[in-house]
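In: Just a sequence and a predicted model for now, questions to come.
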Amino acid sequence: MKVQAVVDDLVRRFPHEPEYIQAVSEVLESIEEVYNRHPEFDKAGLVERLCIPDRIFTFRVTWVDDKGKVNVNMGYRIQHSNAIGPYKGGIRFHASVNPSILKFLAFEQTFKNALTTLPMGGGKGGTDFSPRGKSSAEVMRFCQAFVLELWKHIGPDTDVPAGDIGVGGREIGYMFGMYKKLAKEFTGTFTGKGLEFGGSLIRPEATGYGNIYFLLEMLKLRGIDIKGKKCLVSGSGNVAQYTCEKLIELGAIPVTLSDSDGYIYDPDGITREKLDYVMELKNVERGRIHEYAEKYGCKYVAGGRVWAEIGDIALPSATQNELNGDAAKHLVSTGCIAVSEGANMPSTPEAIEVFQKAKILYAPGKAANAGGVATSGLEMTQNSIRLSWSHDEVDDKLKQIMTDIHAQCVKYGTEPDGYINYVKGANIAGFMKVAKAIMAQGTV
Ligand code: NDP
């Protein structure tokens, strides 16, 4: 396999899909050497097969707003690979959603899910509907209209969606309710459900907590204590909130949060009490992060990114390509020692190069944020056996999974000088598992 030739071919066929090409290039570059040690992979067209999703569903979603006007949005579900288990991956509600973004997310999800050690394939879905400024009744009608098309393609052993940007407990509840009505069954077809109807304890916390558990493993190898470390966190949604919660619990000091309008910098640190306010603001009132700055009298930068500040640890938890090469240079030159990604592909290729050249700790989302889907996998298991595990049982399993993912990265990503290339480690470990499963199942 020659990476450039494969990428050139994808660019020719999908010229308007930059995020997808970016994600594929990163994985292929890091697995090239290992892949080429297996001529049987090339003969079986493994890379070509993995670069094209198993199937893509595209549909129109028609819904009525509070004024009685009919609105039309696009809906998508990408079923990327079910080589190691049912398709599994979140649903994104955001105005920027398009096939390129969903194909990159589904591709990444396949390898991430393989890393979790649980039997889950990879998928992703979404829509360009933006929940921002919509009433709960509008969100409910949209979710119902979305599922009216989607439900035919999903099921507990087929494809199990979850949340992502713009999709939290409220949206999963509405989608599950409609699915249940149409399918006439009560199964674990969605994860991230409410605790009263099959959800798992720790699922809301899992991505943020898991990222910090992964970070702790990285810091441990260098003998660094997280206590007292100033942390730059981006985003203010699900992942950012529970990242802050775990940081506060461990004595670290989160000092930033953001949304798509700007960021806040609180030099005194975001305390438990302030985080409670953020949770209320974002999850209940659905307000904007500048309101935090007004309430606590700290700095707010409209249109800015948190990476302009100085911190010991960076935890990107908002969206793809939010941290570029210049931001990475600033972080490294001002003493940042670790970057651990809660979001998917938040660092651009230029930023990753800067982190790795400086040999700081750098964990890609595929490894560091896998705790979310891993706990979704645990929710699926609990639904199947019709039992629910305690808070501590799920948290312990999550910790163990993050420790195991870290160990896989160390195994496949340690370089001759001892530096751990977590990108390489995660990509090789995830890829080899999927590759072996595909080879064993023949040409299908
Ligand atoms: P939420 O919708 O709960 O929060 C997203 C946050 O990011 C919001 O603060 C949002 O601001 C901000 N944001 C979204 N898009 C942009 C943008 N284009 N520019 C700037 N800010 C933006 O989503 P999650 O917290 O669930 O997801 C955050 C990231 O984590 C995503 O990359 C997601 O794929 C990833 N992830 C999530 C998992 C989960 O379990 N939820 C699992 C694994 C990864 P605003 O309110 O203004 O839109």
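Out: Thanks, I have the structure now.
In: from here on, contacts and neighbour counts on C-alpha atoms
Out: Noted.
In: Who are the contact partners of the nearest residue to residue 187 once chain neighbours are set aside?
Out: Leaving aside its sequence neighbours, residue 187 sits nearest to residue 156 (C-alpha to C-alpha, 6 or more residues apart in numbering; 6.3 Å). Listed by C-alpha atoms under 8 Å, 6 or more residues apart in numbering, the contact partners of residue 156 are 86, 187, 188, 189, 190, 380.
In: Can you name the two of the residues you listed that sit furthest apart?
Out: The most widely separated members of those are 86 and 187, with 14.1 Å between them, by C-alpha to C-alpha.
In: Name the residues that touch the lengthiest helix in the chain?
Out: For the chain, the helix reaching the highest residue count under DSSP state H is reported as helix 391-413. With C-alpha under 8 Å, 6+ apart as the test, helix 391-413 has contacts from 115-117, 201-202, 206, 210, 213-214, 217-218, 367-368, 370-371, 374-375, 378, 420-426, 428-429.
In: just so I have it, where are all the strands in the chain?
Out: Along the chain, counting by DSSP state E, strands occupy 55-64, 70-81, 87-93, 122-127, 159-162, 230-233, 253-254, 256-259, 262-265, 299-302, 313-315, 338-340, 361-363.
In: what about stretch 205-218, average pLDDT?
Out: Averaged across stretch 205-218, the pLDDT comes to 98.
In: So which bits of this structure are right by the ligand?
Out: 163-166, 207, 235-240, 258-261, 317-320, 342-344, 369, 372 (C-alpha under 6 Å from any ligand atom).
In: Go again with 5 Å.
Out: 164-166, 235-239, 259-260, 318-319, 343-344, 372 (C-alpha under 5 Å from any ligand atom).
In: just checking, which of these belong to helices?
Out: Using DSSP H, the residues of the chain next to the ligand in helices are 238, 239, 372.
In: surely the first one meets residue 209?
Out: To tie it back to what came earlier, the one meant is residue 238. No: assessed by C-alpha atoms under 8 Å, residue 238 is found out of contact with residue 209, at 10.8 Å.
In: what about the two, which has more around it?
Out: Higher neighbour count among residue 238 and residue 209: residue 209, with 31 against 25, using other C-alpha atoms under 10 Å.
In: The more buried one and the ligand, how far apart?
Out: 10 Å (C-alpha to the nearest ligand atom, to the nearest Å).
In: same question, residue 338
Out: For residue 338 relative to the ligand (C-alpha to the nearest ligand atom), the value is 18 Å.
In: Show the contacting residues for the residue nearest to that residue when sequence neighbours are not counted.
Out: In space, not counting the residues next to it along the chain, residue 338 is nearest to residue 361; the distance is 4.5 Å by C-alpha to C-alpha, 6+ apart. Taking C-alpha under 8 Å, 6+ apart, we find residue 361 in contact with 218, 337, 338, 339, 340, 355, 420.
In: ok, now how distant is residue 361 from the ligand?
Out: For residue 361, the distance to the ligand - C-alpha to the nearest ligand atom - is 19 Å.
In: Tell me, what's the model's pLDDT at that residue?
Out: 98.
In: Could you do residue 1 as well?
Out: 85.
In: And for the spatially closest residue to residue 166 that is not a sequence neighbour, the neighbour number?
Out: Once flanking residues are discounted, residue 166 sits nearest to residue 93: 4.8 Å by C-alpha to C-alpha, 6+ apart. When neighbours are counted by other C-alpha under 10 Å, residue 93 registers 24.
In: beta partners for residue 93?
Out: residue 127 (DSSP bridges).
In: what residues are up against it?
Out: Residue 93 neighbours (C-alpha under 8 Å, 6+ apart): 126, 127, 128, 129, 130, 131, 164, 165, 166, 167.
In: any idea which of the residues you listed has the most stuff around it?
Out: residue 126 (29 neighbours).
In: Verify the stated contact: it with residue 97.
Out: Yes: here residue 126 lies in contact with residue 97, judged by C-alpha under 8 Å, at a distance of 6.8 Å.
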